[in-house]
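Engineer: Build the 3D model from these lines:
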Amino acid sequence: MPSSLSSIKCVSNEIRNGDLSPVDLVRICLDGIKKMNPALSAFITVSEEQTLYKQALMCEEEIKQGDYRGSLHGIPFSIKDVFYAKGVRCTAGSKILANYIPKENAPVITKLKKAGAILIGTNNLNEFASGITGINPFYGSSNNPWDKSRISGGSSGGSAVAVATGMSFFSLGTDTGGSIRVPASLCGVVGLKPTYGLISKHNVIPLSPSLDHVGCITRSVWDAAAVLECIVGRNVLDSASEAKKKGVSYTKIIEGKRDKKNVIGIPLKYFFDVLSPEVERLFYNFIESVSEYTIIYQEKINLCNTSKYFKSWRDIRLAEAAEVHLRWLKTRFEDYGTEVRNLLLEGTKIPAVDYIKSRGLAKEIRGEFMSILHNKVDALIVPTTIIPAPKFEEETVNVDDSITLKTREALLRNTIIFNSTGLPTISIPIGLTNDGLPVGAQIIGAAYDEDLVLSIAYDCEQQLNNTTKRSVPPICRG
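Structural biologist: Below you'll find the model as predicted:
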């Protein structure tokens, strides 16, 4: 019997060989949910047990008959509660949609079910995906499995907690300002935000359409590659999605032989201006441990407009969210939580000229990053968050002895620009602080260079696994 924290790569091989039944995996996940979810609040809805076991038995029979569909066949997964799954309640973590049941699937859900994956439930999140903490006033807040007094990060916090603890083998999430990568970093798992438009967002409840990305949270880079190659692709009902990279076997690419070492840039400006000593220590230890496998090319990369990163992202994020929610702001105003209501009201006050300027600035910044990635380095690497997971009551955090920031601003600082630019980014765990809290690093590539980003992340992960023993959350021990 595999560990509850086994990777998809490990269990899929056993399933294919007939040494493991999908029924066992469903049982592992359900047992974990019963044991840990009351303390962690990672799930809003859990699928009915009888239905899950029926699906698992069907997968087992298909595989026995030689109809093996691939590495996700028989694998239980969860979804952030903004994805439409036919017949499954989709609340978006809100009071407004508390009883909404979609009549059709999001295309990404259809793809996963066609691959034989088993939907075990929907994950908790910030209300309407509007937040970075995992705090939810209606369904409880998802607690960090490394320290339950601390936040999981958000808005895909429940997804990260579920994957980190073995309640789910992977989870789909959305990322508008860091909502996949931040909780992945704070909970010690892998978070992938692909290039904007690579994955369809049709039938996924939007927050800010020009910043929203669909991605995944997994336990390993290989697992993220397996999920990506399943869900990638254009949908005609989603004008933002693009028909690129369909049919790419990312798992084969990352396991393949490298023709050359990659040149990776570390842009010290902005991303390292404000950084907790523990995160800085772990980041440079990580760089040192992987440098013999990957050339770390540290130069002074001149980044323009860094002082405008936050405002330009914020104007777009708030203005678009207000537009999405305009009808409910008029008809269901009191049904919003206080934080989300205030953010939406802020969005209504952003002048159209500021929004247009911010869209233009985002395009300019994207061009700058693309020029760097095409002409100077193959990829960039920076810390995912500038701090480890803060405690629930901390509205501000002391980054070091001299700098105090609002918690929201601190968590978003290093991630938002890669939503504004739409570039592919993956966060991988790189170690634990002295207090036993996970820290992540994010690797960034040029648009549609997911194969390169995943390959670098995979090589780094392999080297880390060779030099350090990966720890598991305290709630999973014993």
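
Engineer: Give me the helices and strands touching the top helix by length along the chain, please.
Structural biologist: Assignment by DSSP state H gives helix 352-375 as the longest helix of the chain. In terms of contacts (3 or more CB pairs under 8 Å, 6 or more residues apart in numbering; DSSP states H and E), helix 352-375 is packed against helix 309-324, strand 379-383, helix 417-420. The C-beta positions use only the backbone N, C-alpha and C, and glycine is treated the same way.

Engineer: Name the residues of that helix that are buried.
Structural biologist: Neighbour-count burial for helix 352-375 flags Asp354, Tyr355, Ser358, Arg359, Leu361, Ala362, Ile365, Arg366, Phe369, Ile372, Leu373 (criterion: 16 or more other CB atoms under 10 Å).

Engineer: can you list the residues that contact that helix?
Structural biologist: The contact list for helix 352-375, computed with CB atoms under 8 Å, 6 or more residues apart in numbering, reads 210, 265, 267, 301, 303-305, 308-309, 311-313, 315-316, 319, 379-380, 417, 420-423, 444-447, 449.

Engineer: My reading is that Pro429 lies in a strand. Confirm?
Structural biologist: Yes. Pro429 forms part of a strand when assessed by DSSP: H, G, I helix; E, B strand; the rest coil.

Engineer: Not including adjacent chain positions, what is the nearest residue to it?
Structural biologist: Gly188 (4.6 Å; CB to CB, 6 or more residues apart in numbering).

Engineer: where does the chain dip in pLDDT?
Structural biologist: 1-4, 243, 467-469, 478 (pLDDT under 70).

Engineer: Which residue of it lies farthest from its centroid?
Structural biologist: Taking CA atoms, centre = their mean, the residue of the chain most remote from its mean C-alpha position is Gln65, at 35.1 Å.

Engineer: residues contacting the residue nearest to Pro429?
Structural biologist: Trp146, Ala164, Pro429, Leu432, Pro438, Gly440, Ser471, Pro473.

Engineer: make it 6 Å
Structural biologist: Ala164, Pro429, Pro438 (CB atoms under 6 Å, 6 or more residues apart in numbering).

Engineer: residue ranges of the helices in the stretch 51-200 of the chain, please?
Structural biologist: Secondary structure of the stretch 51-200 of the chain by DSSP state H, counting those that start in this stretch: the helices cover 107-114, 157-165, 181-187.

Engineer: Any chance of CSV for those helices, columns distance to Gly131 and mean neighbour count?
Structural biologist: Below are the helices of the stretch 51-200 of the chain laid out as CSV (distance: least, CB to CB, whole Å; neighbours: other CB atoms under 10 Å):
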stretch, distance to Gly131, mean neighbour count
helix 107-114, 22, 21
helix 157-165, 9, 34
helix 181-187, 10, 35
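
Engineer: Now do stretch 189-198: distance to the chain's middle.
Structural biologist: 7 Å (CA atoms, centre = their mean, to the nearest Å).

Engineer: Straight-line length of it, end to end?
Structural biologist: Start-to-end span of stretch 189-198 (CA to CA, to the nearest Å) is 22 Å.

Engineer: now swap in stretch 140-159 and tell me
Structural biologist: 14 Å.

Engineer: from the buried residues of helix 352-375, which single one is nearest Ala115?
Structural biologist: Leu373 (31.1 Å; CB to CB).

Engineer: What distance do you get for that closest one to Thr425?
Structural biologist: Distance check for Leu373 against Thr425: by CB to CB, to the nearest Å, it reads 12 Å.

Engineer: do Val248 as well
Structural biologist: 18 Å.

Engineer: buried set for stretch 424-441?
Structural biologist: So for stretch 424-441, counting by 16+ other CB under 10 Å, buried means 424-433, 437-441.

Engineer: Which one of those is nearest to His73?
Structural biologist: Distances from His73 to those, taken by CB to CB, are shortest for Ile426, at 24.1 Å.

Engineer: Now that closest one. Its backbone dihedrals?
Structural biologist: phi -130, psi 140 (degrees, to the nearest 10).

Engineer: Now name the helix or strand holding Val439.
Structural biologist: Element membership of Val439 [criterion: DSSP states H and E] is strand 438-444.

Engineer: Need the residues that contact stretch 300-307.
Structural biologist: Residues contacting stretch 300-307 (CB under 6 Å, 6+ apart): Gly265, Pro267, Lys269, Tyr270, Ile365.

Engineer: I meant to write stretch 323-337 there.
Structural biologist: Lys95, Ile96, Glu127, Pro137, Pro206, Leu344.

Engineer: starting at the chain centroid, how far to it?
Structural biologist: With CA atoms, centre = their mean, you get 27 Å for stretch 323-337.

Engineer: Now it: buried residues?
Structural biologist: Glu323, Val324, His325, Trp328, Leu329, Tyr336, Gly337.

Engineer: Dump those to a markdown table, plus distance to Lys252.
Structural biologist: Putting the buried residues of stretch 323-337 into a markdown table (distance: CB to CB, whole Å) gives the following:
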| residue | distance to Lys252 |
| --- | --- |
| Glu323 | 42 |
| Val324 | 39 |
| His325 | 42 |
| Trp328 | 45 |
| Leu329 | 48 |
| Tyr336 | 46 |
| Gly337 | 45 |
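
Engineer: for those, which one is nearest Arg234?
Structural biologist: Among these, and counting by CB to CB, the member closest to Arg234 is Val324, at 22.2 Å.

Engineer: how close does the closest one sit to Asp212?
Structural biologist: 10 Å.

Engineer: For the two, list the residues in contact with both.
Structural biologist: Pro206.

Engineer: The closest residue to Phe310 other than its chain neighbours and Ser312, how far apart?
Structural biologist: Nearest non-adjacent residue to Phe310, counting by CB to CB, 6+ apart: Ile416, 6.6 Å away. Applying CB to CB, the value for Ile416 to Ser312 is 9 Å.

Engineer: go on, Gly93?
Structural biologist: According to CB to CB, Gly93 stands 27 Å off from Ser312.

Engineer: Between those two, which has more neighbouring residues?
Structural biologist: Between Gly93 and Ser312, Gly93 has the larger neighbour count (other CB atoms under 10 Å), namely 33 against 23.

Engineer: which residues touch that one?
Structural biologist: Counting by CB under 6 Å, 6+ apart, Gly93 has contacts Asp81, Leu125, Glu127, Asn136, Tyr139.

Engineer: Then Tyr448?
Structural biologist: Thr195, Lys244, Lys245.

Engineer: Could you give the number of residues near the closest residue to Thr122 other than its chain neighbours?
Structural biologist: Setting aside the residues directly before and after it, Thr122 is nearest to Asp81 in space (CB to CB, 6+ apart), at 4.0 Å. Neighbour count for Asp81, taken as other CB under 10 Å: 29.

Engineer: which ones are touching Asp81?
Structural biologist: Ile44, Thr91, Gly93, Thr122, Leu125.

Engineer: Kindly recompute the last result at 7 Å.
Structural biologist: By CB atoms under 7 Å, 6 or more residues apart in numbering, the contact set of Asp81 is Ile44, Cys90, Thr91, Ala92, Gly93, Thr122, Asn123, Asn124, Leu125.

Engineer: Could you report the separation of the fifth one from Ala162?
Structural biologist: Counting by CB to CB, the gap between Gly93 and Ala162 amounts to 14 Å.

Engineer: that older thread, got the contacts of Gly188 as TSV, with distance to Cys10 columns?
Structural biologist: Listed next are the contacts of Gly188 as TSV, based on distance: CB to CB, whole Å:
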residue	distance to Cys10
Ala164	16
Pro429	17
Pro438	21
